Structures are given as C-alpha cells and as structure tokens.
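In: Provided below are the primary sequence and the corresponding predicted coordinates.
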Amino acid sequence: MIELTEQAAAKVREMLAEEEHPEKLYLRFSVQYGGCSGLSYGLGFDQEKTDKDEVLEFHGVRVLVNRNDEPFIKGTVIDYKESLMGGGFSIENPNAIATCGCGSSFRTATEAGKPEDC
C-alpha cells in the first residue's frame, strides 16, 4: 500500500522517543478533503486503531492507514530528507496528478472533477 523509508522511520523513532508511552503510539498517515489541490495529507501520532485501519510496519515503526484512503495513496513513499535549510518529510504519491507548491495538498484523477478549495 505505502512505504516508509529507513530514513523516515529513523526520524519517526527519534520523535517517538520524546513522547510519553511511545510503545502505545502508531504513526497515522491519512488523507482528508481540503487544501489547494483538493486532498491533503495527515501525518501524526495516534493511540487509537479502528477496525477500518490497516496496520503496517516499517523498520520498527507501526503505521496506521485507513483502508478507505488506499485508492488515493497506493504506492506512496514517505521519506525524510535533511538539507542545509533543515529537514522534513517528503511524500511521493504516484496517484497525484497535481500538487500544490508546498507538497502537502494533491489531486488524483478521480478527484479531478471536484471543485478546488483555493
């Protein structure tokens, strides 16, 4: 469904180490309607797993993805990159036909007919 690179997993493990009860936390990767291009990504920690969630594990990091999001994110790779300006997560989604300038909002072919929010 998705992939979390080793570099991204290392950064997530580092962030988890700063949380209280990290063993109870999952990394949730989600999609919401909204943003400049129609859909936006969500990435954060969550303790609650639902029966709609797929649990994936990458390099020691447990990731939750709602099965309803799969058509929008299938094949997506989440990476973490360091640069002189700092570091950040990057999301490469093969389903995105358009993205906004910041990369946190996207549109898929199935969403292309819906009105934009910006």
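Out: Thanks, I have the structure now. Numbers count the residues shown, from 1 in each chain.
In: wait, is residue 56 part of a strand?
Out: Yes: secondary structure of residue 56, determined by DSSP: H, G, I helix; E, B strand; the rest coil: located in a strand.
In: Can you report how many residues lie near the nearest residue to residue 56 once chain neighbours are set aside?
Out: Leaving aside its chain neighbours, residue 56 sits nearest to residue 63 (4.6 Å; criterion: C-beta to C-beta, 6 or more residues apart in numbering). Glycine gets a C-beta too; all of them are placed from N, C-alpha and C. Close neighbours of residue 63, defined as other C-beta atoms under 10 Å, add up to 22.
In: most centrally placed residue in this structure?
Out: With distances taken as C-alpha atoms, centre = their mean, residue 29 lies nearest the centre of the chain, 3.7 Å away.
In: Can you mark which positions in stretch 79-88 are buried?
Out: 79, 80 (16 or more other C-beta atoms under 10 Å).
In: Now do it, average pLDDT.
Out: Mean pLDDT, stretch 79-88: 89.
In: quick revisit: beta partners of the residue nearest to residue 56?
Out: On the basis of DSSP bridges, residue 63 is bridged to residue 27, residue 56.
In: Now for it: which residues touch it?
Out: 2, 4, 26, 27, 28, 29, 55, 56, 57 (C-beta atoms under 8 Å, 6 or more residues apart in numbering).
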